[in-house]
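>>> quick one, structure for this:
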Amino acid sequence: MRKILPIIVFLLAFGSLSVVAQSGSIASLWKGVGGKSKWNATDFILFTANGNDSHYLQNGRRFLINKKTGECRFEGRTMNNQNIVVLFNYKTEKLLRYFVNGKEEKKHDVDILASFKQVNEQFLRDASLLFLPTLMDRPDTRVGKVSSKIINAEKLHAVSFQLKDNFIAGDMLFNADDGFIRQLIDKEGNAFYVNGYKDIGGGLFLPTIFKNLQHADRNTTFTTVAAFTDMEAAKFENL
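Numbers count the residues shown, from 1 in each chain. Next up is the predicted model:
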């Protein structure tokens, strides 16, 4: 028993150090974003996405969201050149209204529901990249141990992670000094160089470029990202 006790104490101390390291990593990522309080104070975000291996929606797809309620307005064009506007809630995954070329369709139609499912899934994939620094602090995100690596003469922290519903899982490399993500390696081994941090308003910064040097069709860019504190309710209710 005397020999076992020191081992238990060591394991407890090691576990505590791991938790501290993870907490420090999360704090660094929030620093890169501009602060958790600023993120929480921002209710509405508009972004335009391109790429991200989208097979149903064309580039230039636009999402306007209410972070608190989950309300979302999508405007874009399908691959068969239909202009659609979809009003839904991404938290409840509930379709509210669906318009094709300016005409409202029955939201319980099988084809409309199938289209909405693809729009919602594309939103989640796009948002998982754009909001990645903030999602690391969610209770349903699994975060592994933190290690250090030297890449291109820069000291980076590396941490494994898995987001809810497994939309993104893999390894993230970031600079602990500025809190900016430098590289993302997904579970399939695809490496993305991350940059293009932009001030989206109110002192918030988000990464807008995810570049895959091996597969250009897997690149993702966010050409427009803007934060708002107020938004007219009609944006989430009407065409």
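>>> hey, let's count contacts and neighbours off CA atoms from now on
Will do.
>>> what pLDDT does the most centrally placed residue in the chain get?
Centroid-nearest residue in the chain, with C-alpha atoms, centre = their mean: Ser128, separated by 2.3 Å. The per-residue pLDDT reported for Ser128 equals 96.
>>> give me the phi and psi angles of it.
The phi and psi torsions at Ser128 (degrees, to the nearest 10) take the values phi -60, psi -30.
>>> if I look at it, how far off is Leu135?
To Leu135, Ser128 is 8 Å away according to C-alpha to C-alpha, to the nearest Å.
>>> buried residues in the helix or strand that Ala226 is a member of?
Using DSSP states H and E, Ala226 maps to strand 220-228. Residues of strand 220-228 classed as buried by neighbour count (16 or more other C-alpha atoms under 10 Å): Thr220, Thr221, Phe222, Val225, Ala226, Ala227.
>>> so the fifth one makes contact with Lys198?
It stands for Ala226. No - the criterion here is C-alpha atoms under 8 Å, and Ala226 misses it with Lys198 at 9.5 Å.
>>> got a list of what the closest residue to Asn219 other than its chain neighbours touches?
Excluding its sequence neighbours, the residue lying closest to Asn219 (C-alpha to C-alpha, 6 or more residues apart in numbering) is Lys211, at 4.8 Å. Neighbour list for Lys211: Phe192, Tyr193, Val194, Arg218, Asn219, Thr220 [criterion: C-alpha atoms under 8 Å, 6 or more residues apart in numbering].
>>> now, the most widely separated pair of the residues you listed?
Val194 and Arg218 (12.8 Å; C-alpha to C-alpha).
>>> the more surrounded of those two?
Taking neighbours as other C-alpha atoms under 10 Å, Val194 and Arg218 compare with Val194 leading, 22 against 18.
>>> lowest-confidence helix or strand of this protein?
Ranking every helix and strand in the chain by mean pLDDT, DSSP states H and E puts helix 4-33 at the bottom, with a mean of 57.
>>> in whichever helix or strand comes after that helix, what's buried?
Going down the chain from helix 4-33, the next helix or strand is helix 36-41, by DSSP H and E. By neighbour count on 16+ other C-alpha under 10 Å, the buried set for helix 36-41 is Lys36, Trp39.
>>> now find how far off-centre helix 36-41 is within its chain.
Here the centre of helix 36-41 is set off from its chain's centre by 16 Å, with C-alpha atoms, centre = their mean, to the nearest Å.
>>> same question, stretch 223-231
Per C-alpha atoms, centre = their mean, the centroid offset for stretch 223-231 relative to its chain is 15 Å.
>>> for stretch 232-239, same thing?
The answer for stretch 232-239 is 24 Å, by C-alpha atoms, centre = their mean.
>>> could the buried residues of strand 220-228 go into CSV alongside distance to Leu29 and pLDDT?
Formatted as CSV, these follow (distance: C-alpha to C-alpha, whole Å; pLDDT from 0 to 100):
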residue, distance to Leu29, pLDDT
Thr220, 20, 97
Thr221, 20, 98
Phe222, 19, 98
Val225, 19, 98
Ala226, 19, 98
Ala227, 19, 97
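>>> which among these gets closest to Lys68?
Nearest to Lys68 among the buried residues of strand 220-228, with distances taken as C-alpha to C-alpha, is Ala227, at 13.3 Å.
>>> now name the helix or strand holding the residue nearest to the closest one when sequence neighbours are not counted.
Setting aside the residues directly before and after it, Ala227 is nearest to Ile45 in space (C-alpha to C-alpha, 6+ apart), at 4.5 Å. For Ile45, the host element (DSSP H and E) is strand 44-51.
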